[in-house]
Structures are given as C-alpha cells and as structure tokens.
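Chemist: Sequence and predicted structure are below.
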Amino acid sequence: MAPSETLTAERILEATEEVLRRHGPAKATVVDVARALGVSHGSVYRHFRTKAALREAVTKRWLDRTSQELAGIVAEQERDPEQRLRAWLRALFDAKRRKAGHDPELFATYMVLTRESGEAVPEHIADLTSQLTDIVRAGLDAGTFTATDPAVTARAVFQATGRFHDPCYADEWEAPGVEAEYEAVVDLVVRGLRGA
C-alpha cells in the first residue's frame, strides 16, 4: 500500500480476497493480509476485531455483489412482473455460475467461508427472498400472478429454483442440458404463478 493511501475496510477486504485466492481459507492469515497491504496486523484488527469478523465481512461483500445486481432488476418498473421475475432468476443463475466458473479457486474458498458464516448467508437469502417478494407483489397488484401471500410464494419460488443458484449444485451448472432444465423449471414456476 502506498504511504499516501488510507487504510479502509474496503481496501482490507480487497486484499483479503486476493490473499484467500492465493492461499485458500485454511492457510490465509490476518498477517498475510497485513503484509499484502504493507501494514501491521494490528492495523487490520482496528477495522476487523477478529479473523472471523474479517472472513464474515469478505463473505458478505461477495454475496452483496449478487444482491446489488439483482436489486436493479427488481427496480425496473417499466418491465412487467413476469419479465422481471424471469430476468431476476436468469441473472441469479448467471451470477452464481459466473462465480463458480470464472474463478474456481475463489469460489471454492467462498464455499468454505459460507459454511463458516454467522449472519452473512441467512441475510443474503433474506435479501433475495425479499426481492422476490417485491416482484411477486407487483405481479399480484398487476393481476398477472395469483398468490395468497407474496412472501410465502417468493420463498417457494426461491426453493423451487434452488438447483440453479444454490452453490451445492455448482458442479451441475455446466452439464449438458442444464439450460433446457432451467427453462423448464422457470416456465413451470411462472405458469404456477399465473394460475394457468
């Protein structure tokens, strides 16, 4: 880190991500992060009180990237709710698949970190289902979807499409025929929401 650069939580998280990519979660230490930044490990601990807190923050940052991308789709009021739902599910699948395929070392690291996670994963799932709830509610308001409880329906949609976003299925995301299977599931979900 250049002397003129201020040490921020964001800079520490960026460095931590790189250290995790290089060393993996079992070997990466706060000392490695501090060394990468050119600071003492005490400087890192001033921002993150424990190694676990640092790892939790890195996990949250990684998950938040997906949530932020999807939030933009939810906000697209000019699209009808069915189009938004389809675009949201597609973006979620593509984002998860991209993370697994483009940086497999880091994805494997995050698989470990998400298993260790305290609040980051449940908060991420709550955020995603909240976004889906907004889309389902918009569909109800427009008369496009039928459901008695938007939140319950959103959770059901999330669970029904889990094979295409739950990281435990990552090995299947590039399998032959997965696109056709994805489309079949989404079509079935949408038909169910329309009451068709």
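Modeler: Yep, it's here.
Chemist: so how far is residue 41 from residue 96?
Modeler: Remark: distance between residue 96 and residue 41 (Cβ to Cβ, to the nearest Å) = 33 Å. In short, each C-beta sits where N, CA and C put it, glycine included.
Chemist: more crowded one of those two?
Modeler: Neighbour count, other Cβ atoms under 10 Å: between residue 96 and residue 41, residue 96 has more, with 19 against 15.
Chemist: any idea which helix or strand carries that one?
Modeler: Counting by DSSP states H and E, the element that carries residue 96 is helix 81-102.
Chemist: Which residues in that helix does the neighbour count mark as buried?
Modeler: 81-82, 84-89, 92-93, 95-97, 99-100 (16 or more other Cβ atoms under 10 Å).
Chemist: How about stretch 35-50?
Modeler: Buried-residue list, stretch 35-50, by 16+ other Cβ under 10 Å: 36-37, 39, 44, 47-48.
Chemist: what's the closest of the residues you listed to residue 161?
Modeler: Checking the buried residues of stretch 35-50 against residue 161 by Cβ to Cβ gives residue 48 as the nearest, at 33.9 Å.
Chemist: Excluding sequence neighbours, find me the nearest residue to the residue at minimal distance from the centre of the chain.
Modeler: The centre of the chain sits closest to residue 63, judged by Cα atoms, centre = their mean, with a distance of 3.5 Å. Nearest non-adjacent residue to residue 63, counting by Cβ to Cβ, 6 or more residues apart in numbering: residue 124, 4.1 Å away.
Chemist: any idea how far residue 28 is from the one you found?
Modeler: In terms of Cβ to Cβ, residue 124 sits 22 Å off from residue 28.
Chemist: which of those two has more neighbours?
Modeler: residue 28 (22 against 19).
Chemist: and the more buried one, what does it touch?
Modeler: 16, 19-20, 22 (Cβ atoms under 8 Å, 6 or more residues apart in numbering).
Chemist: and with 6 Å instead?
Modeler: Listed by Cβ atoms under 6 Å, 6 or more residues apart in numbering, the contact partners of residue 28 are 19-20.
Chemist: Show me how far stretch 7-18 is from its chain's centre.
Modeler: 19 Å (Cα atoms, centre = their mean, to the nearest Å).
Chemist: could you give the mean pLDDT of it?
Modeler: Mean pLDDT, stretch 7-18: 92.
Chemist: any idea of the mean pLDDT for stretch 73-86?
Modeler: Stretch 73-86 comes out at a mean pLDDT of 95.
Chemist: quick one on the thing from earlier: so for the residue nearest to the centre of the chain, what pLDDT did the model give?
Modeler: In this model, residue 63 carries a pLDDT of 86.
Chemist: Tell me which residues are up against the helix or strand that contains residue 18.
Modeler: Per DSSP H and E, residue 18 falls inside helix 9-27. For helix 9-27, the external contacting residues (Cβ under 6 Å, 6+ apart) are 28, 32-33, 36-37, 44, 47, 54, 57-58, 61, 105-106, 109, 112.
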